[in-house]
Each structure stands twice: as structure tokens, then as C-alpha cells.
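K.L.:
Got a predicted structure here, sequence first:
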Amino acid sequence: MIKDIGLNWVIIGHSERRHVFGESNELIGEKVAHALSEGLSVIACIGEQLSEREAGNTNQVVFEQTEAISKHIKDWSRVVLAYEPVWAIGTGKVATPDQAQEVHSDLRKWLSDNLSVDVALSTRIIYGGSVNAANCKDLAKQPDIDGFLVGGASLKPEFSEIINARQ
Ligand SMILES: O=C[C@H](O)COP(=O)(O)O
């Protein structure tokens, strides 16, 4: 259906698919494989729930999610990783720049250690979760935040400020 309407990208593994529709890490990996095999590019979402962060399990959760996806990827040039802490999506509670940078940096290290330095350096890791005009510039300054997955604010005029956050 996505190809039929002329689109090239698909978002897979969004928190609502994981936590409302009950999609497992394994199913999301299979969906990524299918999308890539059909020629689509993929934004693959990962992220911990508040209880997982508070228990100190953020890295374990996002690494397991990333591993399940990575098993199905040979060509990372058509994949973007979107780190979206579930507690920050649509809530107005954005991760601080330090919180987001820490996870992005740890994810890049995971890619380097488990896949290759080349994949780690070339893969875009974007942040999603209550990004708006007021917080986007500080988030964009972080070295491992390569862009944003914007929900609510994409429907408002401030979206243009988010697009230009790095200027
Ligand atoms: O689907 C959109 C992303 O999950 C982020 O949404 P948000 O910017 O409204 O928090």
C-alpha cells in the first residue's frame, strides 16, 4: 500500500505498535526485513518505558530492540534509528539533551561493537518525543542526535523552526 501511493519510507516499531498492538521485537525485526526487501527505507523506532528507565534498564531495552532489528539488516544505508523514550511521546515531557545524548551515544557504541565502525558512523540516530521549537535547538547541539521524529509539533507552524534547528 505504501509503494502504491508512491512513498519510499515507513516507520516501524513505533511505541504504539509495540505497546498498544503488542508487536514483539521479533515481529518488528521481520517487518523491517520485509520493508527493506520491498525497496522501502525504514525509520526503526526503539525506546524504553518510564518503569524501565526508573529501573535502570534503558540500555538493556534499547539494545535488545536494536539487536532484533539489526539481525534483518544487511544494508544500513536505508535505515534510520529513532530513539523515542515512550514516556516522552506526546506527553510534553521531553528527554533532556543530556539524557538523549547519553542513549544516542551508547547506541552508536553498540552499533560499533556489534556491527561495524562504518555502520556506527554512517547511521542516522534521530530523537523523538515532545520535540518542539523551544527545545529543538539544545537537542540538535548534541553530537549524536542526527535529527528528529516529530509528532504533534509537525502539525504546527513551529515545525519550520524544528527543521532549521541546526542553523
Ligand atoms: O509519532 C510521533 C513521535 O512518536 C513523537 O510524537 P510527539 O512529538 O508528539 O511526542
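P.N.:
Everything's here; your move.
K.L.:
what does the chain put close to the ligand?
P.N.:
Counting by CB under 6 Å from any ligand atom, the chain comes close to the ligand at Glu84, Ile89, Gly90, Gly128, Gly129, Ser130, Val131, Leu149, Val150, Gly151, Gly152, Ala153. (Glycine included, C-beta is placed from N, CA and C.)
K.L.:
Which two of the residues you listed have the greatest separation?
P.N.:
Taking CB to CB, the two most distant members of these are Glu84 and Ala153; they sit 13.9 Å apart.
K.L.:
Quick one: residues contacting the closest residue to the ligand within the chain.
P.N.:
Nearest to the ligand in the chain, going by CB to the nearest ligand atom, is Gly151, at a distance of 2.2 Å. Going by CB atoms under 8 Å, 6 or more residues apart in numbering, Gly151 touches Ile89, Gly90, Gly128.
K.L.:
which helix of this protein spans the most residues?
P.N.:
Longest helix in the chain by number of residues (criterion: DSSP state H): helix 97-114.
K.L.:
Name the residues of that one that come out as buried.
P.N.:
Pro97, Ala100, Gln101, Glu102, Val103, His104, Asp106, Leu107, Arg108, Trp110, Leu111 (16 or more other CB atoms under 10 Å).
K.L.:
can you put those residues in CSV and add pLDDT?
P.N.:
As requested, the buried residues of helix 97-114 are exported to CSV (pLDDT from 0 to 100):
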residue, pLDDT
Pro97, 98
Ala100, 98
Gln101, 98
Glu102, 98
Val103, 98
His104, 98
Asp106, 98
Leu107, 98
Arg108, 98
Trp110, 98
Leu111, 98
